[in-house]
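In: using only what follows, build the 3D model:
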Amino acid sequence: MLFNSYQFLLVFLPISLFGYFLAAKTTPSVSILWLVLCSLAFYANWNPPFVLLILASIAFNFAMGEIIAVNSPDRTRTAVFRVAVAANLLCLGGFKYFAPTLNFINPGAHLSIILPLGISFFTFTQIGFLVDRRDNVGERLNLSRYSLFVTFFPHLIAGPILHVREMGPQLKATATYKLRAETFAPGLTMFVIGLAKKVLVADPLADMVSTGYLQPELMSFVSAWMVIIAYSIQLYFDFSGYSDMAIGLAGMFGFRFPLNFNSPFKSRSIIEFWQRWHVTLSRYLALLLYNPMAMWIARRRAASEKKISPKALANPAAFASMIAVPTFYTMGLAGIWHGAGLQYAVFGMLHAIYLTINHAWRIYRKARIGHSAPEQDGIFSQAWKVALTYLAVLLSFVFFRAGSIPNALALLASASGIHGFGFPPPVADIIQQKLGIAVTAFMVHKQQAYDFLRIVICLIVIWAAPNSQQLMGAFAPVLDDVPPGPWRWLRWRPTLPWAFAVSLVLWLSILCFNQTKTFLYYQF
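Out: Model (predicted):
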């Protein structure tokens, strides 16, 4: 069930909200039970048998968490923790990688395994729970609250990845389960903003992107770059829209999620990009992959009487072991997590290279200029840093979107101009042959001019306008502190003009439901 569907918006959501707040007149336990049942129904709408999988996962991880919590010897806690994490990863790997790997080894096998929707996210959420139990961090939940923590439908399919330490206090607070205007109204507004991003901006770009990746070897320089940039915009507004809708839905039910998307295309470095793009995944990767690997390497260096201080990083060998190795390890696994194809591994490795260069530059700059020197960051300096970061991200996104490495390389070759620089007539042939639509070259040129204008407008909005959290100002229903946008007149307030504007955007979005697409991150 998609958030951007009549079934969800006109049936599921009203029934869920009505029953939730009706149950709140009794006890929180009834509200929790109702919301768990609604979340399971939401999940079952896609593939009912997999409800048994998520229930079994919840029961297993809750039991393992309790065993870890009540066992004081560190050796026992560590052993149980490792077994539990291994079981989760085996389940995830079996569904996500077993069939694609066998098909790659033996193309004649044609083995097909249906990937349970959201398995990566509810598995990662529960591994994070096990880490918190091992470290004795966060609230200790009973089974019903833990079930809601895992299954709560706004984050179940594509995040954000939650931690008990941030959700536990909310799950235990009685006030959470009451209808409150200070969370419901901003939540509803955030949901509508996210819906508009998805339906009015991201989805209309889908056909253009799909056509470009269909036969990238026929793209001209201009067309190839339009496709590459259009996909980055589609992914940006698709994932940003989902994140806003998830935050908004949580707010409508009285919960506050962590910030998961914070204008990443405004980043002035790749390090900053990963602090803004899929924020909860980035912190998860740092917590569970990068930090443990970096600490293990540091301990080994210390045992060998090698320097591990920040100054030691200026040495190439120390930098390679303490920064480059953990970075390639983390981003390599992050790339593979996104899919079993080799193109995802390339995506991860590209970002590992970017991050390593970024860290090396920072260390070199500090060593050469000194810690006390202020960084020159005027408007032109910011602009070229943002442009360079965006260009690097664009290159990686080609592999992220392509069906294979040859497909990605073909598009990049076209983007180099080897097939010409203008709008090519062969595009009309692609559309006619592959999509069965008879078009003329004039129609193609007209459509491409329109697409070009739309891309320019979207980039202006991305780089110049405040994001949704800044629009909401002091009312943003997120756990993080987000400063309000620079334009006071564009900050949301609970007034009639804003209610009219939000209603109009909602109505326009609903009118476009007939052409909506699934969320891009659903496949992960």
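In: would you put the C-alpha positions of stretch 406-419 in PDB?
Out: Only the C-alpha atoms of stretch 406-419 are listed here, as PDB (Å, rounded to 0.1, in the frame of the first residue of the first chain):
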ATOM      1  CA  PRO A 406      27.600  -1.700 -19.200                       C
ATOM      2  CA  ASN A 407      24.400   0.300 -19.100                       C
ATOM      3  CA  ALA A 408      25.900   2.900 -16.800                       C
ATOM      4  CA  LEU A 409      29.100   3.100 -18.900                       C
ATOM      5  CA  ALA A 410      27.000   3.600 -22.100                       C
ATOM      6  CA  LEU A 411      25.200   6.500 -20.600                       C
ATOM      7  CA  LEU A 412      28.400   8.100 -19.300                       C
ATOM      8  CA  ALA A 413      29.900   7.600 -22.800                       C
ATOM      9  CA  SER A 414      26.900   9.400 -24.300                       C
ATOM     10  CA  ALA A 415      27.400  12.200 -21.700                       C
ATOM     11  CA  SER A 416      30.900  12.700 -23.000                       C
ATOM     12  CA  GLY A 417      29.500  13.700 -26.300                       C
ATOM     13  CA  ILE A 418      30.600  10.800 -28.500                       C
ATOM     14  CA  HIS A 419      27.100  10.600 -30.100                       C
END
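In: in it, what counts as buried?
Out: Of the residues in stretch 406-419, 407, 408, 409, 410, 411, 412, 414, 415, 419 count as buried by neighbour count, 16 or more other C-beta atoms under 10 Å. (Glycine included, C-beta is placed from N, CA and C.)
In: quickly find the element holding the third one.
Out: Element membership for residue 409, per DSSP states H and E: helix 405-415.
In: show me what that helix is packed up against.
Out: Judged by 3 or more C-beta pairs under 8 Å, 6 or more residues apart in numbering; DSSP states H and E, helix 405-415 is in contact with helix 206-214, helix 221-252, helix 342-369, helix 379-401.
In: rerun that using 7 Å as the cut-off
Out: Using 3 or more C-beta pairs under 7 Å, 6 or more residues apart in numbering; DSSP states H and E, the elements in contact with helix 405-415 are helix 221-252, helix 342-369, helix 379-401.
In: gap between the second one and the chain center?
Out: For helix 342-369, the gap between its own C-alpha mean and the chain's C-alpha mean amounts to 21 Å (C-alpha atoms, centre = their mean, to the nearest Å).
In: I'd like the average pLDDT over it.
Out: The average of the pLDDT scores along helix 342-369 is 90.
In: quick one: buried residues of that helix?
Out: Neighbour count says helix 342-369 has 343-356, 358-360, 363 buried, by 16+ other C-beta under 10 Å.
In: ok, back up a step: using a markdown table, lay out the helices and strands packed on helix 405-415 together with distance to residue 11.
Out: Output for the helices and strands packed on helix 405-415, formatted as a markdown table (distance: least, C-beta to C-beta, whole Å):
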| stretch | distance to residue 11 |
| --- | --- |
| helix 221-252 | 15 |
| helix 342-369 | 36 |
| helix 379-401 | 33 |
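In: ends of stretch 63-78, how far apart?
Out: 15 Å (C-alpha to C-alpha, to the nearest Å).
In: buried sites along it?
Out: 64, 65, 67, 68, 77.
In: likewise for stretch 328-339?
Out: Quick answer for stretch 328-339 (16+ other C-beta under 10 Å): 328, 329, 330, 331, 332, 334, 335, 336, 337, 338, 339.
In: ok, the third one - contacts?
Out: By C-beta atoms under 7 Å, 6 or more residues apart in numbering, the contact list for residue 330 reads 285, 289, 290.
In: part of a strand, is it?
Out: No. Assigned with DSSP: H, G, I helix; E, B strand; the rest coil, residue 330 falls outside any strand and is helix.
In: quick one: residue 42 and residue 249, what's the gap?
Out: Applying C-beta to C-beta, to the nearest Å, the value for residue 42 to residue 249 is 11 Å.
In: pick out whichever of these two has more residues nearby.
Out: When neighbours are counted by other C-beta atoms under 10 Å, residue 42 and residue 249 differ, and residue 249 comes out ahead with 26 against 21.
In: now stretch 36-56: average pLDDT?
Out: Here the average pLDDT along stretch 36-56 is 92.
In: any idea how far that stretch is from the chain center?
Out: With C-alpha atoms, centre = their mean, you get 22 Å for stretch 36-56.
In: who touches it?
Out: Contacts for stretch 36-56 (C-beta under 7 Å, 6+ apart): 1, 12, 16, 114, 116-117, 122, 144, 147-148, 151-153, 156.
In: hang on, the earlier thing: make JSON lines out of the buried residues of stretch 63-78 and add secondary structure and pLDDT.
Out: Listed next are the buried residues of stretch 63-78 as JSON lines, based on DSSP: H, G, I helix; E, B strand; the rest coil; pLDDT from 0 to 100:
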{"residue": "64", "secondary structure": "helix", "pLDDT": "94"}
{"residue": "65", "secondary structure": "helix", "pLDDT": "92"}
{"residue": "67", "secondary structure": "helix", "pLDDT": "90"}
{"residue": "68", "secondary structure": "helix", "pLDDT": "89"}
{"residue": "77", "secondary structure": "helix", "pLDDT": "83"}
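In: and these, which is closest to residue 198?
Out: Nearest to residue 198 out of the buried residues of stretch 63-78 is residue 65 (C-beta to C-beta; 34.6 Å).
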